[in-house]
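Trainee: Next input, structure requested:
(4 chains)
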Amino acid sequence: MHNRSPLGLVIPVAGLLALSACGGTQAARAPQGGAPVKGGTLTFAVNTEPTCLDPHQSPQDVTGLFTRPALDSLVALDAKGTIHPWLATSWKVSGDQKSYTFTLRQGVKFSDGTPFDAAAVKANLDHIVAPATKSQLAASYIEPYTGSDVIDDHTVRVNFSRPYSPFLSALATAYFGMESPASLKQPQDALCKQVVGSGPFVIDAWTPKQGITFHRNRGYNWAPANAAHNGEAYADKLVIKVITENSVRLGALTSGQVDAIASVPPVNVRQVKADPGLAVDVRQAPGGNYNYYPNTASGVFTDRRVRQAFRDGIDFATIVKNLYFGAYQPASSPVSPSTTGYDKGTETQWRYDPAEAGRLLDEAGWTGRDSEGYRTKDGRRLTVRWPFYKAAARENRDTLTEQVQAEAKKIGVDVDVTNPPSIGDFVTAFTKGDYDLVDFSWQRADGDALRNLFSSASISTPTRFGQNAARYSDKEVDGWLSDALDTTDLGRRAELYAKVQHKVTDEAAVFPVYVFNYLLGESKRVHGIGWEPQAYPTFYDAWVVQG
Amino acid sequence: MTARRTVAGRIAARLGTSLLVLWGAVTVAFAALHLTPGDVADVLIGDSTVTPEVRAQIVREYGLDRPVPVQYLTYLGRVLHGDLGRSYQLHESVGEAIGSQIGPSIQLALTAFALAATVSVTVATLTAKRRRWVRGLFSGLELVGVSVPSFWAGILLLTLFSFTLGLFPVTGGLALPAVALAVPVIAVLTQVLREGLEIALDEPFVLTARSRGMGDLAVRVRHALRHALLPTVTLAGWLVGVLFGGAVIVEQVFSRPGIGRLTLAAVAGKDLPVVMGVVLVSAALYVVVNILLDVLYVVIDPRLRSAS
Amino acid sequence: MTAVAIRPRRIPRAGVWAASLFVAVVALAALLPAVLAHGSPSDVDAVAALRPPGAAHLLGTDANGRDVLTRIVYGARPSVLAGLGATALAVAAGTVLGLLAALGGRVLDEVTMRLVDVLLALPGLLLALLVIAVVGPGTFNAILAIAAYTLPSYARLVRAQTLVIRRSGYVEAATSLGLTRGRIVLRHVLPNAFAPLLVVATIEVGTALVAAASLSFLGLGPRPPAPEWGAMLSQGRDYFSVAWWMAIFPGLAITLTVLSVTVVGRHLQRRVEGRLA
Amino acid sequence: MSAPIVEVTDLHVAFGPVRAVRGVSLAVRPGECVALVGESGSGKSVTARTLIGLTGDGAEVRAASLAIEGEDATRFGERRWRTIRGTGIGYVLQDALVSLDPLRPVGKEIAETLRLHRAVPRGTVAERVVALLREVGVPEPEVRAAQYPHELSGGLRQRALIASAIACGPRLLIADEPTTALDVTVQAQILRLLAERKRAGTAVLLISHDLAVVAELADRVLVMKEGEVVEEGPVAGVLRAPAHPYTRALLDAIPAEHAKGTRLSRTAAGNGAARPESTAGGVDGASESPPRVPPGVTPGRAHAGSGTGASALPGEVVIRARDLAKAFGGRPAVAGVSFELRAGETLGVVGESGSGKTTTARLVLGLLEPDAGEVEIDGRPWRGLGAAERRELRRHIQVVYQDPLSSFDPRFTVRRVLDEALAVGGEPRAARRDRAVELLEQVGLDAGFLERRPRHLSGGQRQRVAVARALAPRPRVIVCDEPVSALDVSIQAQVLDLLADLQASLGVAYLFISHHLGVIHHVSDRVLVMKDGRIVESGDVRRVFTAPQDPYTKELLAAVPRLEHAHGSSPHSADDRASDHRAPDHRAPARAHDRAYEQEPSR
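Mentor: Predicted coordinates:
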């Protein structure tokens, strides 16, 4: 989540460390707790904040959280993967699947008074891909984009160089939030401080390290089709506070200073649940789980047997259960169960088996033992070099690392964790492939996430950044991933993605660790907090019962 | 002392030294920039991404294509114009970044200082030259006060008063962070003040005042206290350091916005322009505080006004 | 370090004894941790995680099931080393600067003292952060950073002491006797300037230790799994509501160590000043 | 006889185990001046403070009776005491530079007394302050009231302090060493001011160590020693015919009354005149035995007929100073000073504070470079000497300071102190210990002192060690800079006797600097009188003291309090107000200050 992209490369590093996303808008949720109440202030506390508020530039999921209340998208995505109309009332895909024509809603105005029209859509998409924008995520989601044509005030056509099936779900994310064309003319840095959209809330002010405040957008009447209500938002004011300290954030919730908080520490989930005035809302994140990726291209993990021994020889499931008190589930596949195309088969494909791990290591020739008990081959110790960037570590991943380190020692593997002093140093090692193991999680609702993780085109080089941290290169897998891009048939895509998951699991090209859950703590005064498909909360439908 | 110094002369001398100090701070910042491993432009950019045009602009603005002395003069000139540079990570000028964060820090520091001053003066005045167990008790407390790391004290305060007792707001409140920041200041200030009071109370003029029929508390407050305040003025530098340095930790523990958090984030993200800017601003603050205290010193001690 | 030397108060004998004992224990822990704790500070036992203090684990276990007492014992070395190292470095550099200023003539005095002024103008931890921004985080760099900001006080102290001694009656007496300048510096100035400096340094080891722990707490010192008190406290903070012992005991270790060092230091100070005054 | 304002019988004061006052009884009546006389630690100040209920922390006070204005003061609560202080009894301490709050204008200090007791209506306080200042003889009182103590001269300060004490018209004024820190001419003025108060009907309780001061003012005197009154009576009687040996010893020890060559201290066993001096701070209870006669010195022989001074002896010139000038920051400290000092003689330099005495000493010692003029030691000028030659020359001229303790490296034992001096003198290592013992014996100490540290010695012992160190390089001349000013009169007598003995046996010459005319009179063969950096008069000590030529010398001599004045009337007539207008003096109050503490009983 703390991510600063180091290089202006095609696919940003940010995705590695952050929850970045693809997905849709508010998932509909039936209102509960009686009739919605209008008015009041809803205060939400988060543990991190954007470095830049403009989602066209920033790759951070927290940018989505901060700007979603103020920015609308053309379409909305629900948890099932269905696309709904929003600022676009309808759309048409051309026969060659290379162009999309949108009919736009009329009467929509940005909060600075600029009308929303076809030119605005074109301005937004052009802004995203403009080199000056230095988009760290959004541009990569529409990489084949060639341009937009304004057909009339309320009709716009978007063109691609090749068929691109994930376009609509990308368009539904906050990274494609429509900003006022007038504001887009400002310098990029100014956009980082203030964005103007047409959303249900209008940004008052963002004070870094402190938070952001919104007021209700009067006259808002263009909610997405899958929202729980239409018209103005319920809350008069929305406040998002930045409270980085876990204990303080939790204390703010328990003492009633805030209405809801992001990231309840797993260790405190039980405590919050036990409080009669509080609740924990758990939302499983889609996309890449928190996984360890072995470097399959060089070093000790080029040997499949060593990889498998590491994965099967360490009791990840127990560690995860103990460390997170059941708040996160142990993972079996590289992607989470809530990702479209998740393969349930991976759950039985492998298991903890230290004896088998030992056998595999013997077989791979790591039969010697040195004075500290580590396995050796030809006098060389079986050492796994792991650059771990602690500043970006969340969810006590450093503690997890220490346990894995200790577990690995039991099977004779020396895990050498180094701490790159800055993210720049980490990225240098990462892009050069100078590591045996790296760890990250990466959220994206679409199964296309697998392409980022395992396609050979996604292997980093010193000049080009990619998330294929395993540096895994397999013709068959490349083929399946490419085929999935060309089809909009959900069933066919799921089948292809399952094949990819099965194969990389079989090859032990990834060590799945846990499935990330968004743990939202909320007071029972609050109702109707919704979810983006990539698992962050939305507030359009939310209301607070006062007193 | 050889030359006769007027008040104006003293202030002029202090201003001169202050300018030297500021100049030195700028030089330190410049040196830091050049001592950091890597190309200077890359150091300035840090972990963020910029286009080649921006990079070229940085090279131009800092004169990086010219010899180091010229770069130094360029930098000095920019600082003189109040331009502290630009943070390429925060997407704003360093001046703006600091400006938006300095308010809460100053508020915290001033509150802590006011608290510390009040408590120290009261405790020192009431306990100086008192019974052994009273002084023993308070000396003990002061020893503990200087020994407790402020981050630990902060966590304990937060847990006890906010989480458990619910007496103070968990976030946004000023009282607890100010207390955490003030604890070491109180501990030291009380000791220095009491020391000064005890020395002053042994002075003949105190006996004289008593012999006029003055009461004990009045003697302490009207006579001894002013004398005890004098040595605390030399603590100014330490005080600024503790209040602003301590703010780094207290802000972190209490999740408060402020210069400390800004600096920490900048250090972690290698955002050197911000770190340099904070260093310069804090040096300037130090200088201002020192000048103020110097004036105060002269106000308290008339001997400095005409002393030869 | 405080700019004003505080006249040390008499500390009850029992307090001095207790403090000395604690300092001795910490020193033993730093030198031979295995004597005081059994097991390794990095023995992870996921099953035994977050056990409260009890018979098996006197001070409980952390989130990794590691014994907190063992880690505190092993944490003594990096913590004490940082405090001692930073102080030693600062004292050495400060002495050189202070002597240069006091004995090197007007120009050198001005130059050195203005340099010291500049360092003093950069408030404590912020200067340390600047140093870390330049050289990066890490154990040695933290020591360097702390030394950088405590150094000016030592330089000033040495300079002031030296100047006082240079103008003292006994130096004038020695001059009148006809001793050489070098002899006077060696036999009278240095020893008398150094004694109070060493005592102050003893006390300041505690302050440096807290500073080092602070940097670790902020994630800028040695990193886990290395047991270091500040880092342990930082880790324990996240578990405070369920496992208070993870944060309380490392904090207590720091506080008691600093307290003891201060008590012992002030006791020495009293004795040295009693001897010198 | 009118009823006493204050009367105490059988007063005992103890600070823990230290019994500071033991069975003192005294009474002071209106218009009467009673003096308490004694050396430091005799309990005189404690007695005085007890009379205003300010004995001090931790004091245990017991008295058969204590009556103030006829009321039983043993029953007074703090509130009643506070009324007594200021209105009933005024209290004047020595040196007003530290006895007035240095951070407040003197007018405010005086006003404080008025305000505390609501003596005059609020609106007229300022007016009354000015009137009071005028009453005590402060010129331009409106201006002075707004000034701070450091801006006033010593005399004006002391007057202001007295004004604050008498502001509410107390019937008793306690003056605790009111003139100790003052120059002799100013002292005379203050004594006269007190005498005026006495004539006006105020009772005065005068505390002093100086019998001569007492003689000027007091009607009755109580001599105190170790907390007890050893002698009591009308002042003339006690001073003229002392009954108690201690009083006699005190009188004998006063140097002014005895010409050079007479012994001041009584060394004969059994005579026990000099009170064994307790160690400063009372740390280890070391006591100083009366000095033993240095080896090779026959007491008496050295003193025979030396009254005519060394001028009669054809000694060679050891110091020649020519037209010395030295200025600090544009202010001349020494201007045009020339003199010669011959082997075996003592040249006294006398003058008030700021007269340039100490600067002259430092110039002679080669520790300061003169702006003009030249100093020759044994015919060799300092000027133009290389470092090595200077060091060599330094051995010939040694120094003894007023404050010996600060002249010893605090880490050194007596042995190391002497060893260092002997090493410089070229003494071979093997012989140094024996020589150190020999030196100690010469100054009346024994080998047992070798391993002790100066701070554990008494003031007199320290000064003896300092003298031994000065003798170590076998110098031709010793510069004595106020060597006895910090010592009680009996110890002072011993040290002066020692210096005389050493001169007789070793033939060393002294350049003897003192502000004390009596001391100078006693020790010198020839004398220089300095004022404002210049020598105003010089010549044979007898001639200068009996027939002064220069008006300033005359003024100085006239101001000296004398025992003969014990009949009460104040004889001086010099225009002291004029000289009070001098620029404020910036003399460090250190000496005065030290005394204030010495009078505190040690615990």
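Trainee: Is it correct that A:Val417 falls within a strand?
Mentor: Yes - residue state for A:Val417 (DSSP: H, G, I helix; E, B strand; the rest coil) corresponds to a strand.
Trainee: Can you give the domain ranges for the chain?
Mentor: Using chain A. A:11-283+A:518-544, A:287-515 (automatic domain parsing).
Trainee: wrong one, chain D
Mentor: Taken from automatic domain parsing, chain D resolves into D:6-253+D:571-599, D:317-396+D:477-559, D:413-474.
Trainee: on that earlier part again, could you dump the domains of chain A into a markdown table and include mean pLDDT, distance to chain C and mean neighbour count?
Mentor: To be clear about C-beta, it is placed using only N, CA and C from the backbone, and glycine gets the same treatment. Formatted as a markdown table, the domains of chain A follow (pLDDT from 0 to 100; distance: least, Cβ to the nearest Cβ, whole Å; neighbours: other Cβ atoms under 10 Å in any protein chain shown):
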| stretch | mean pLDDT | distance to chain C | mean neighbour count |
| --- | --- | --- | --- |
| domain A:11-283+A:518-544 | 88 | 5 | 21 |
| domain A:287-515 | 90 | 3 | 20 |
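Trainee: Out of those domains, which is closest to chain D?
Mentor: Of all the domains of chain A, it is domain A:11-283+A:518-544 that lies closest to chain D, at 44.6 Å by Cβ to the nearest Cβ.
Trainee: quick one: contacts for D:Arg433?
Mentor: Listed by Cβ atoms under 8 Å, 6 or more residues apart in numbering or on different chains, the contact set of D:Arg433 reads D:Arg415, D:Leu450.
Trainee: So for the residue of chain D most remote from its centre, what pLDDT did the model give?
Mentor: What lies farthest from the middle of chain D is D:Gly123; by Cα atoms, centre = their mean that is 42.6 Å. For D:Gly123, the pLDDT comes out at 89.
Trainee: ok but D:Val21 is inside a helix, no?
Mentor: No - secondary structure of D:Val21 (three-state DSSP): strand, not part of a helix.
Trainee: Please name the residues that touch it.
Mentor: D:Leu11, D:His12, D:Val13, D:Gly43, D:Val46, D:Thr47, D:Thr50, D:Gly227.
Trainee: please redo it, this time with the cut-off set to 6 Å
Mentor: Applying Cβ atoms under 6 Å, 6 or more residues apart in numbering or on different chains, we find D:Val21 in contact with D:Leu11, D:Val13, D:Gly43, D:Val46, D:Thr47, D:Gly227.
Trainee: which of those residues count as buried?
Mentor: Using 16 or more other Cβ atoms under 10 Å in any protein chain shown as the burial test, the contacts of D:Val21 include D:Leu11, D:Val13, D:Gly43, D:Val46, D:Thr47, D:Gly227 as buried.
Trainee: Take those residues and write them to TSV, including pLDDT.
Mentor: Shown next, in TSV, are the buried ones among the contacts of D:Val21 (pLDDT from 0 to 100):
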residue	pLDDT
D:Leu11	94
D:Val13	93
D:Gly43	89
D:Val46	91
D:Thr47	93
D:Gly227	91
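Trainee: Put together CSV for those, with secondary structure on each row.
Mentor: Below are the buried ones among the contacts of D:Val21 laid out as CSV (three-state DSSP):
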residue, secondary structure
D:Leu11, strand
D:Val13, strand
D:Gly43, coil
D:Val46, helix
D:Thr47, helix
D:Gly227, coil
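Trainee: will you turn those into TSV that also has distance to C:Leu97?
Mentor: As requested, those are exported to TSV (distance: Cβ to Cβ, whole Å):
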residue	distance to C:Leu97
D:Leu11	58
D:Val13	52
D:Gly43	51
D:Val46	49
D:Thr47	54
D:Gly227	53
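Trainee: Pick the one among those residues closest to D:Leu66.
Mentor: Relative to D:Leu66, the closest of those is D:Leu11; by Cβ to Cβ it sits at 7.1 Å.
Trainee: And the residue of the stretch 201-308 of chain B found nearest chain C, how far from chain D?
Mentor: Here the stretch 201-308 of chain B gets closest to chain C at one residue, B:Gly245, 3.3 Å apart by Cβ to the nearest Cβ. According to Cβ to the nearest Cβ, to the nearest Å, B:Gly245 and chain D sit 32 Å apart.
Trainee: thinking that residue is in contact with C:Gly124, fair?
Mentor: Yes - using Cβ atoms under 6 Å, B:Gly245 is in contact with C:Gly124, at 3.3 Å.
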